[in-house]
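1. give the three-dimensional model of this entry:
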Amino acid sequence: MLEIGYNKDMMEGKTILTGIRVNSEMTLGNFLGALLPMTRLANKYSLNNKINIFIPDLHTIISEVDGELQKNLIQGIKYYLAAGLEVNKNVHIYRQSYVPAHSELCWMLNCVATMGEVSRMIQYKEKSKNGDAGTNVAIFDYPVLMAADILLYDANYVPVGEDQFQHIELTRDIGERVNRKFGEIFVLPEKTEKQVEFIETANSAGGIRIRDLQNPEKKMSKSALAENSKIMMNDDPLRVAKKIMSAQTDSLGKIAFDMFNQAGISNLLQIEALISDVPLQEVISTWAGETRYGDLKKKVAETVSTYLSEFQAKVAKISDEEVYQILAEGERYANEVAQAKLLAVQRAFKLR
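-> Numbering: from 1, shown residues only. Here you go, the predicted structure:
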């Protein structure tokens, strides 16, 4: 893929920020769609740019947590490390709730944001069933806290899924409103078009959404009832291989990448490309015209089970103490940067 304007040797002095909620154990879909691409992106750009990876624990508690929040949190960071994240002086990992400026800036941005623009957020409408009175307020205010998460650090790029793009635009609108009233306090994140262009450099397979193994019309989800429909990152690798061998495909009898007519086969090709870290087009070309679906399943099953075996072994070797040390260093950085930005906003609002 041609990466115009995003050559890793040319881009410098930018801040890339992302966060992944830790409500539960991670599916292979979450891992391949978010965590692994972000790890590779961080390693690619961290020499000359700041990489902020935060654990959005305040966002996480707006809904039920499956398991123990703290255990999930530590496990999530171990997953980054096991996936190959190179922690250096430009890579900062921190917990949202350990940086109080996030909450305070959110309140101040609430004084600038309007009910109309926040209520138009698609995620709010979906999660609140179009404004049901029983919806907790945090679901409504989620995008404003997200704006604070971004604006505190002058983040330029925020790798997120498509369902979050509207929140990035809201962040820009709120930040621009503050800047017009008080001067250039915030650096605004790039517009959606540039965010998309940048996100596409994160993985060699392009924009992806890993599908349900038994119903590839849907994305892979932990909440799916059929165990064979999903792969969890802590699944037994041998069991995972069996799940892939039983994946639903089609009756066309020819391997091709076609998400409309051959979603199951296309899903397997995506998984192979992402885990192998090779361009999707290369994987497509390798299998183009082949007719034996079983051979493709066998190859993907071998690739995934081998990767998971090695990944799980790496996770087991990472101690909690190592994670807490990384967090302590990241939170020192985050509090220093965030507090300086918060003070500028407090002064603008005449609170200081």
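2. tell me the domain boundaries of the protein?
-> 15-203+319-348, 227-316 (automatic domain parsing).
3. those domains: which one's closest to Asp212?
-> domain 227-316 (4.7 Å; C-beta to C-beta). Where C-beta positions appear, they are placed from N, C-alpha and C, glycine not excepted.
4. what's the end-to-end length of that closest one?
-> End-to-end distance for domain 227-316, by C-alpha to C-alpha, to the nearest Å: 24 Å.
5. and that domain, average pLDDT?
-> Taken as a whole, domain 227-316 has a mean pLDDT of 95.
6. could you list the low-pLDDT ranges of the chain?
-> 1-10, 201-207 (pLDDT under 70).
7. from the chain's centre, how far out does the longest helix along it sit?
-> Longest helix of the chain, by residue count under DSSP state H: helix 320-348. Offset of helix 320-348 from its chain centre (C-alpha atoms, centre = their mean, to the nearest Å): 21 Å.
8. need the phi and psi values for Ile62.
-> For Ile62, the backbone dihedrals (degrees, to the nearest 10) come out as phi -70, psi -10.
9. burial count for it?
-> Residues near Ile62, counting by other C-beta atoms under 10 Å, number 19.
10. show me what counts as buried in stretch 264-280.
-> For stretch 264-280, a neighbour-count test (16 or more other C-beta atoms under 10 Å) marks 264-276, 280 as buried.
11. now for the residues you listed, which pair is the farthest apart?
-> Gly264 and Ser276 (18.9 Å).
12. please report how far Leu170 lies from Val158.
-> According to C-beta to C-beta, to the nearest Å, Leu170 and Val158 sit 12 Å apart.
13. who has more neighbours, those two?
-> In this view Leu170 and Val158 are compared by other C-beta under 10 Å, and Val158 has more residues nearby, 24 against 20.
14. so what's the more buried one up against?
-> Taking C-beta atoms under 8 Å, 6 or more residues apart in numbering, we find Val158 in contact with 16-18, 150, 164, 168, 189, 195.
15. measure stretch 245-255 end to end?
-> 15 Å.
16. next one: stretch 102-121
-> 20 Å.
17. which residues does it contact?
-> 58, 96, 124-125, 131, 140-141, 143-145, 147-149, 151-152, 166-167, 170, 173-174, 177-178, 181, 338, 341-342, 345-346, 349.
18. quick one: distance of it to the chain centre.
-> The answer for stretch 102-121 is 23 Å, by C-alpha atoms, centre = their mean.
19. what do you get for stretch 280-296?
-> On C-alpha atoms, centre = their mean, the centre of stretch 280-296 falls 28 Å from that of its chain.
20. now that stretch: buried residues?
-> Those would be 280, 283-284, 287, 293, 296, for stretch 280-296 by 16+ other C-beta under 10 Å.
21. repeat for stretch 67-75
-> 72-75.
22. swap in stretch 180-197?
-> Quick answer for stretch 180-197 (16+ other C-beta under 10 Å): 185-190, 195, 197.
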